[in-house]
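J.: Just to be clear, the model below is a prediction. Sequence and coordinates:
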Amino acid sequence: MEKLKELKLIELMFDKGILINENILNSKIETLFDEISYDEDLLVLNSDYLDLLSNDMIIDWYLFDEHKVKSEKEESSSFEKHVELLRKTISSNLSSDSLNLSPTINSEKKQEVYSLPKVQVVISHNNKNKKISVSDFNKLFVSRFRFLENILRNRQELSGATSIGRLLNKSEAGNVSLIGMVAEKRETKTGHFILTVEDLTGVIKVIFSKNNEEMASLIKDVVLDEVIGISGKFNEKAIFGEKIIFPEVPHSNELKVSEVDENVIFLSDLHVGSKLFLEKEFRKFLRWIRSESGSEEQKKMAQKVKYIFIAGDLVDGIGIYPTQRSELQITDIKNQYKFFCDLIKEIPASKQIIICPGNHDMVHLAEPQPVFYKEYAPWLFDFPNITLVSNPAIVNIGKTSTFSGFDVLMYHGYSFDYYVANVDSIRNQGGYHRADLIMKFLLRKRHLAPSFGSTPYFPANDDDPLLIKKIPDFFISGHIHYSSVSNYRGITTICGSCWQDKTSFQEKLGHEPEPGRVPVVNLKNREIKVLRFV
């Protein structure tokens, strides 16, 4: 009977993915059956673990198994050291932040080894699966216009704005104001500018004199499809514009700060799978985030990192640009994601990682891009400390019972190329090297891609998903492979560098990437330091 009982226990453990050594069959292992769980392929459980199992702790069994394999190959003695370190932890109740233990989740019986910092997904878009028609695009633009119109009407100079339909029936001259979407912009032979704007009631042309140099410069930065306010004078069926008002984000004189002394870092554009992926440099970053390298100050900085944002392009993808295949080290998309996950696994599990996709990732290109497809990146869904969101998305971090936390707007930045090419003030002041100007430009427009041609749209939402409705504390992006840190009206704007060397396609375009920069933000004082790993 005893033998049958042992065989039944072995069978039950095996069903849970755990193979138990026969030398522990007569121990208290049976009483701990309900407390042991393992989510990987197979764990071999032996007597080395018994004194750990009964101490109200959840153990990272995957890490144990990995160390055991290394030990048996005589690569290191890390397994024994890890066991001994855990035994000391149990007896002295040391902090487990550096031990890479798994957190206790919804268990009244178990002691919480550490609590993962709080991450709340505020906005992550879920596209409706439907047949797209012209009316869907019309609904998208109407929702955009109405939202931005409401913002602009709160501006003093536009409080009495008149619909275009009423202006077209106006006969007497005088001051007027209107709110409209830009349908056309052109420069006359004599150097004056004409904007064609429309609202839900009609279309009208507004003339701006070249003699108003301030307005002439501002009009050059007006792009098609954005919603603006205009004030000027009406005379004989024509409007002579004098001022342009953008929706803008409200001004804040103070940066919001946390009560807790902790750090957040921002990454993007790893491009794992490319021959040009800077693996050596990224592993240098991984050693730092584990507090294994750098000065004492830098190690302390790494220990305080509680949140890691990755703004898209985890992998290099397949067929993204001409000649890409010749520059791929890994030519299978699933294997690219597998390698990425193998790297990310080396980040301590006590740190929350928030990830959105980019244009190189295996999701559809049209924005909003959905959360990653499990079919191609199943390993991403296995990490308890990873939060996956759409592109764009808003995530709240650092919230406590007495502090509202920080709202982080994530957007990979596919539209950035268009504005570098088409907005004079950006192109003439540094172009791709000035992500701060691009991000400021979009904040002023209250839209991540105000021109319809700047990014492909997926119009399957009730409202325009690229509107900046909620004012963020941080605006994080990537895509252009240039690091940038700035502040605009109380919003910290950060472009997250890259981990890829210059591609042949970038060389043809004249790009000079700045890889390996990692902005580290202290949430208690909002101070920013940029570490270089290249």
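T.: Looks like it arrived, so ask away. Residues are numbered from 1 along each chain as shown.
J.: Pull out the buried positions in stretch 518-531.
T.: The neighbour-count criterion (16 or more other C-beta atoms under 10 Å) identifies 518, 519, 520, 521, 522, 523, 526, 528, 531 as the buried residues of stretch 518-531. Backbone N, C-alpha and C define where each C-beta goes, glycine included.
J.: and that stretch, average pLDDT?
T.: Stretch 518-531 shows a mean pLDDT of 96 in the predicted model.
J.: residues in contact with it?
T.: Applying C-beta atoms under 8 Å, 6 or more residues apart in numbering, the external contacts of stretch 518-531 come out as 255-267, 285, 288, 298, 301, 304-305, 398, 406, 474, 483, 485, 492, 494, 496-497, 517, 532-533.
J.: So residue 182, which state does it fall into?
T.: strand (DSSP: H, G, I helix; E, B strand; the rest coil).
J.: so it touches residue 199, yeah?
T.: No - at 11.3 Å, residue 182 and residue 199 do not qualify as touching, with contact defined as C-beta atoms under 8 Å.
J.: Need the contact partners of stretch 412-428.
T.: Contacts for stretch 412-428 (C-beta under 8 Å, 6+ apart): 217, 220-221, 223, 268, 311-313, 356-359, 365, 367, 369, 391-392, 431-432, 434-435, 437-438, 441-442, 448-449, 451, 453-455, 477-480, 495.
J.: okay, now residue 126: neighbour count?
T.: Other residues within reach of residue 126, judged by other C-beta atoms under 10 Å, total 11.
J.: And for residue 366?
T.: Residues within reach of residue 366, counting by other C-beta under 10 Å, total 16.
J.: what's the closest non-adjacent residue to it?
T.: In space, and not counting its chain neighbours, residue 366 is closest to residue 458: 3.8 Å by C-beta to C-beta, 6 or more residues apart in numbering.
J.: Look at the one you found and report its pLDDT.
T.: Looking at residue 458, its pLDDT is 89.
J.: which residues sit in contact with it?
T.: By C-beta under 8 Å, 6+ apart, the neighbours of residue 458 are 127, 132, 364, 366, 367, 368.
J.: repeat for residue 460
T.: By C-beta under 8 Å, 6+ apart, the neighbours of residue 460 are 127, 128, 129, 130, 132, 136.
J.: Any of those residues buried? List them.
T.: 127, 136.
J.: Just the ones in helices from the contacts of residue 460, please.
T.: residue 136 (DSSP state H).
J.: which of the contacts of residue 460 lies closest to residue 294?
T.: residue 127 (41.9 Å; C-beta to C-beta).
J.: surely that closest one meets residue 367?
T.: No - when contacts are counted by C-beta under 8 Å, residue 127 is not listed as touching residue 367 (9.8 Å).
J.: Using a markdown table, please lay out the contacts of residue 458 together with distance to residue 145 and pLDDT.
T.: Shown next, in a markdown table, are the contacts of residue 458 (distance: C-beta to C-beta, whole Å; pLDDT from 0 to 100):
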| residue | distance to residue 145 | pLDDT |
| --- | --- | --- |
| 127 | 21 | 82 |
| 132 | 20 | 84 |
| 364 | 26 | 91 |
| 366 | 21 | 93 |
| 367 | 19 | 96 |
| 368 | 19 | 96 |
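J.: out of the contacts of stretch 412-428, which are inside strands?
T.: 311, 356, 477, 495 (DSSP state E).
J.: Quick check, pLDDT for the closest residue to the second one other than its chain neighbours.
T.: Okay, so that is residue 356. Counting by C-beta to C-beta, 6+ apart, residue 356 lies nearest to residue 391, which is 4.3 Å off, once chain neighbours are set aside. pLDDT, residue 391: 97.
J.: bridging residues for residue 391?
T.: Beta-bridge partners of residue 391, counted by DSSP bridges, are residue 369.
J.: Stretch 472-492 spans what distance, first to last residue?
T.: This stretch, stretch 472-492, spans 9 Å end to end (C-alpha to C-alpha, to the nearest Å).
J.: That one: which residues count as buried?
T.: Quick answer for stretch 472-492 (16+ other C-beta under 10 Å): 472-486, 488, 490-492.
J.: How about residue 463: what's its closest non-neighbour residue?
T.: residue 143 (4.4 Å).
J.: Just the pLDDT for the residue nearest to residue 445 when sequence neighbours are not counted.
T.: Spatial nearest neighbour of residue 445, chain neighbours left out: residue 226 (5.3 Å); criterion: C-beta to C-beta, 6+ apart. We have a pLDDT of 97 for residue 226.
J.: Kindly report the domain assignment for the chain.
T.: 2-92, 134-245, 258-532 (automatic domain parsing).
J.: can you list those domains in CSV and add distance to residue 123?
T.: Listed next are these as CSV, based on distance: least, C-beta to C-beta, whole Å:
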stretch, distance to residue 123
domain 2-92, 29
domain 134-245, 14
domain 258-532, 4
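J.: Tell me the confidence at the residue nearest to residue 275 when sequence neighbours are not counted?
T.: The shortest distance from residue 275 to any non-neighbouring residue, by C-beta to C-beta, 6+ apart, is to residue 329 (4.6 Å). For residue 329, the model assigns a pLDDT of 96.
J.: For residue 329, list the residues it contacts.
T.: Contacts of residue 329 by C-beta under 8 Å, 6+ apart are 273, 274, 275, 277.
J.: State whether the first one and residue 339 are indeed in contact, as I suppose.
T.: Read that as residue 273. Yes - counting by C-beta under 8 Å, residue 339 is a contact partner of residue 273 at 6.7 Å.
J.: Mind listing the shared neighbours of these two?
T.: Counting by C-beta under 8 Å, 6+ apart, the residues touching both residue 273 and residue 339 are residue 330.
J.: on that earlier part again, tabulate the contacts of residue 458 in a markdown table, adding columns for distance to residue 236.
T.: Shown next, in a markdown table, are the contacts of residue 458 (distance: C-beta to C-beta, whole Å):
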| residue | distance to residue 236 |
| --- | --- |
| 127 | 48 |
| 132 | 43 |
| 364 | 50 |
| 366 | 45 |
| 367 | 43 |
| 368 | 45 |
